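Engineer: pasting the structure only:
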């Protein structure tokens, strides 16, 4: 990883060093722990956040550490030496090998892949340790869905069961609201068998290409924690391989469950190799973007053969899911003519242009079974693209959009016949009151295959803040049943996100996903809220920061007003000042109520209240007019 | 306005100059226009955003200017010379005078006000042009609700009707979705008579103290545009009068419909005077904060007499609405004892402490009718405080909270008997699935008196991002029927907001309020979305920026990737690059469909599709294989 930037070698080294620090620094009070499964090579990473004790005046009890789901990979494991040039350790290789249904090929199967390997112009930007590709043995189907349908619980499934349970420690406040989950099945304990069932029945997918053994397995389905995806990728106008790998690591550090590499610029192939080899999370792509590059950007020149070679090329690199716009049927294209903003999906517009130019049906649709054959030889999951999603509020939920969704439902069933895993992409721009209709139709026509939505954005009038316009819609659709939320950054509609934008997008979407988990009543979801709120109530400032989604920002905002270390244990905050603090007063009220067992006050009867008042008055004076006492 | 900062006189002057520029700069392509009502002194300000023409290649039509609601006051009117030392021009003075039901007092009625006037230590920070206070003549009731009930349409009501209609120009795309408004009455045209009815029946309030004639009248009610409030105010720890006045102006510049001055530090009285005299929007306060200052922060020492004097003091300065925590009844306080975070409302905890200390009922409740007598002599509106709102997800919708809400319903009726205007404050921290229950109960027990909610925050785990955790809840509860949303800044729970935080909070809440208007199907709400999306589709970058909630941020984000002026009219953006742009392709598809009138393609019948395909293929070749033609 060297050129492609405008920096001098010295500047570059300095930047790399800073990046490396940023990307591997362990969050405060956190440590990486691994939970072992039924075998020693199932080691599920989690982040354990240590808490301080409650102050003595408030009871002095110990607060058990809180475990949180950890997507950051070994970058945050101090025991692992990171070398981007070598890639990550292989978590799954042994599991894949022992299934004995794959073979290692001597060379890449795709013509384009071969070509790139021989291209001396890209030699110096090529990842140095490319493994030989793996493919299913002839006649074998290596998808997790295939195993699940056979009743096989794979190590991946067991890993996921442990991971989803977020091992909660004794003493953690597990109280939470019942939630409303619209018919989802959010179990108190996720078992490996439950994971298997969900995958077998298509309600969840495990994106896990056999050529991406580096991933820490994860699941996408509405009966599991809501996940988020971050898009990265360069374009013709900017950004280098270095930057994209750094963005990927940065995004997973803050909580991205999957990454989509949407590169459209030069060296797509090489960029992708670097990203996959260094990514602990599944990688998705939109293969039509690269296919279009291969025909110099002329959509009409696309062919099934070029596309097929691209699928194989990417499958052998290890892409875990493909966005395929097979639902953009020729007859749906004119339905977009009277839209305010037409077709805004890049993939959708490419296919629409191709269809109209050739006056033929979308080749992704006509070759769908052949696509499935490729997918199942590598276990690439479908992300059926919504090429006709609305690009503005006015175009929401129109005939074009819903016609395509129904076709995606049909394609879901066809993929399932091949035991290929499927999720469905969703909009877009939708006003709040029309969001649920999307979810309901998707659940119906796609038979609960996971929904994976972009936002939706709930208004068009805030470019620069579309992480927020969309987080509103994302939280709601996540509550209604969407399994994964595709993040939107502040730069949406305006430009390519930088590191800050990526983080803003990620944190915003972690909020949306978590708000959805809470509203669904997903078991254990509220434990972190409870722990943080208890810390807040007890003025344990450091614990409040450390339990938050972004400890760095919480701490620095606090320090703007109250920088002194002593303030971190102050029993007040800058909003109210030392004399006058509602939290402090409440502690008093609470002690009082507990000590006095003043049940009579809770009675609505006026005469009893009067009696109570008198009794309290004596008690107050007996205790030296001190209001609040500890036992 | 001079001392109270640590800056040297020169630095201060420089900062003032920069502030003044920031606060009075007119947004790009915008001009202030006034719509005249039935009389020449009804002049309703709006902001007109000029648009460029559609590029010739896309049709070349003129795009009419878009009118938007404007809260910024005369600060953005180049015809008005701003002098903070003199305060704003009086919009309403003549209307108040001609009603002939008020009298100008020789001197302030409150003892504290008198005292401050005589205090030489505050002479140099005092506003120089304090007017004599106005009060209702004996036996008169000067509330807008009182007039409304008499069938009188005041100039304020006519002003509001014009303002709410947001005069839409011919040619503006008024298409929009029907919306789901849960029984609200969102009329296509707001008439002065409708405003009167809504105020008479308590479904809306016009906060408009007779001592705040500077305001540009506005209305809060669920059958009108959803409004937002911004909190400002200093605390014991920081912030000066200068800063608070600047924050107020800054907040209204970006869209705050009302401002609450929550100051708790020194010189509250003087700070408030400066703010009111310079505020074009209604000002709300929580009088108990100042009352507490008067007893040196010892809640037990509060008395009805001190509180009453504070109400009169503030009413004569011109505060437009008072948050009064009259629903924190003694018997509800112990209901909070088992909460995770007890009582988090400052006002609520002060009153709870007072009640317990004295073993007496809340004096705000027992003196409620006397409070109403004061309110109606100045037309101060109630904002009935939710002192027992939940401070964390776990405490949402509990018995304490809903008991208080029912009491607020009772007090609403009592206020209405006095013809005093009322709105009701709402939570707080509530997971998404429990938000609607709040709205439904409020509508029921408060008989559609306007709901005014803080957020609600939909999770506790993101300090530093609580503008976002709460915007999700705010958008939803706004959709369900909340009339005004109290903003939350990124600094919530962490510190006092600075200028950037205030703006972030405002824009975020403008998004939430607008998303709510769209979901309700409020007439005309979608016009700005349509205009912006059309501009986006046509690559009119400048129009896209200028129509957005924050043109400065949209423009600067765009310019990070594509700084050149030429790019502002480029038919592509940085996400896709010049060759490969979905918007561009879509334009082609659209032209194609329009020109070919290819209705046959829209038919599902396979044989007709085949025929269509053939016809298209010939047409394609006839037209020199050029795909997309303009008529």
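Structural biologist: Yes, it's here. Predicted, not measured: the structure shown is a model, and the values here were computed from it.
Engineer: okay, CA-based contacts and neighbour counts for the rest of this
Structural biologist: Noted.
Engineer: Quick check: end-to-end length of stretch A:531-543?
Structural biologist: Across stretch A:531-543, the terminal residues are separated by 9 Å (CA to CA, to the nearest Å).
Engineer: let me fix that: stretch A:67-75
Structural biologist: With CA to CA, one end of stretch A:67-75 sits 18 Å from the other.
Engineer: now do stretch A:544-554
Structural biologist: Note: stretch A:544-554 ends 8 Å apart using CA to CA.
Engineer: do stretch A:475-490 as well
Structural biologist: For stretch A:475-490, the end-to-end distance is 17 Å (CA to CA).
Engineer: now stretch A:173-190
Structural biologist: 19 Å.
Engineer: So is it next to chain B?
Structural biologist: Yes: under the criterion of CA under 8 Å from any CA of the partner chain, stretch A:173-190 makes contact with chain B via A:175-177, A:179-180.
Engineer: Now that we have those, which of them are buried?
Structural biologist: Neighbour-count burial (16 or more other CA atoms under 10 Å in any protein chain shown) is assigned, among those, to A:176-177, A:179-180.
Engineer: and the longest helix for chain A?
Structural biologist: Scanning chain A for the longest helix, with DSSP state H as the assignment, gives helix A:499-520.
Engineer: Just after that one, pick out the following helix or strand.
Structural biologist: helix A:527-537 (DSSP states H and E).
Engineer: outside of that following helix, which residues touch it?
Structural biologist: Helix A:527-537 has contacts (CA atoms under 8 Å, 6 or more residues apart in numbering or on different chains) with A:66, A:172-176, A:541, A:543-544, A:547-548, A:583, B:340-341, B:392-394, B:459-461.
Engineer: how far off helix A:499-520 does that helix point, in degrees?
Structural biologist: With axes from the mean of the first three to the mean of the last three CA atoms, to 10 degrees as the basis, helix A:527-537 and helix A:499-520 are set at 100 degrees to each other.
Engineer: Surely residue A:208 is in contact with residue A:282?
Structural biologist: Yes: contact criterion CA atoms under 8 Å: residue A:208 and residue A:282 qualify, at 6.6 Å.
Engineer: touching chain B at all, stretch A:20-31?
Structural biologist: No: judged by CA under 8 Å from any CA, stretch A:20-31 stays clear of chain B, getting no closer than 15.0 Å.
Engineer: Pull out the buried residues from that stretch.
Structural biologist: Counting neighbours by 16+ other CA under 10 Å, the buried set in stretch A:20-31 is A:23-24, A:26-27, A:29-31.
Engineer: Could you measure from the residue positioned nearest the centre of chain A over to chain B?
Structural biologist: Nearest residue to the geometric centre of chain A (CA atoms, centre = their mean): residue A:228, 2.1 Å. Going from residue A:228 to chain B by CA to the nearest CA, to the nearest Å gives 16 Å.
Engineer: Enumerate the residues of the stretch 251-400 of chain A near chain B.
Structural biologist: Residues of the stretch 251-400 of chain A lying near chain B (CA under 8 Å from any CA): A:264, A:297, A:330-338, A:340-350, A:352-353, A:356-360, A:392-394.
Engineer: In helices only, show me those residues.
Structural biologist: Using DSSP H, these in helices are A:346-350, A:352-353, A:356-358.
Engineer: Dump these to JSON lines, plus neighbour count, pLDDT and distance to residue A:58.
Structural biologist: Below are these laid out as JSON lines (neighbours: other CA atoms under 10 Å in any protein chain shown; pLDDT from 0 to 100; distance: CA to CA, whole Å):
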{"residue": "A:346", "neighbour count": "23", "pLDDT": "90", "distance to residue A:58": "57"}
{"residue": "A:347", "neighbour count": "26", "pLDDT": "93", "distance to residue A:58": "58"}
{"residue": "A:348", "neighbour count": "27", "pLDDT": "94", "distance to residue A:58": "59"}
{"residue": "A:349", "neighbour count": "29", "pLDDT": "91", "distance to residue A:58": "62"}
{"residue": "A:350", "neighbour count": "27", "pLDDT": "92", "distance to residue A:58": "63"}
{"residue": "A:352", "neighbour count": "30", "pLDDT": "93", "distance to residue A:58": "65"}
{"residue": "A:353", "neighbour count": "24", "pLDDT": "90", "distance to residue A:58": "68"}
{"residue": "A:356", "neighbour count": "25", "pLDDT": "88", "distance to residue A:58": "71"}
{"residue": "A:357", "neighbour count": "20", "pLDDT": "87", "distance to residue A:58": "73"}
{"residue": "A:358", "neighbour count": "16", "pLDDT": "92", "distance to residue A:58": "75"}
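Engineer: Go through those residues and say which is closest to residue A:445.
Structural biologist: Looking at those and their distance to residue A:445, the nearest is residue A:348, at 20.3 Å (CA to CA).
Engineer: what sits against that closest one?
Structural biologist: A:325, A:328, A:385-388, B:582 are the contacts of residue A:348 under CA under 8 Å, 6+ apart.
Engineer: repeat for residue A:492
Structural biologist: Neighbours of residue A:492 in contact, by CA under 8 Å, 6+ apart: A:463-464, A:466-467.
Engineer: State the phi and psi torsions of it.
Structural biologist: phi -50, psi 140 (degrees, to the nearest 10).
Engineer: coming back round to it: right, and the pair among the buried residues of stretch A:20-31 with maximum separation?
Structural biologist: A:23 and A:29 (16.5 Å).
Engineer: distance of the residue lying closest to residue A:176 once chain neighbours are set aside from residue A:481?
Structural biologist: The shortest distance from residue A:176 to any non-neighbouring residue, by CA to CA, 6 or more residues apart in numbering or on different chains, is to residue A:526 (5.7 Å). With distances taken as CA to CA, residue A:526 is found 18 Å from residue A:481.
Engineer: hang on, the earlier thing: out of the contacts of residue A:348, grab the one that's most surrounded.
Structural biologist: Highest neighbour count within the contacts of residue A:348: residue A:388, with 35 neighbours (other CA atoms under 10 Å in any protein chain shown).
Engineer: Contact partners for the closest residue to it other than its chain neighbours?
Structural biologist: If the residues on either side of it in the chain are set aside, residue A:388 comes closest to residue A:401, at 5.3 Å by CA to CA, 6+ apart. Taking CA under 8 Å, 6+ apart, we find residue A:401 in contact with A:386, A:388-390.
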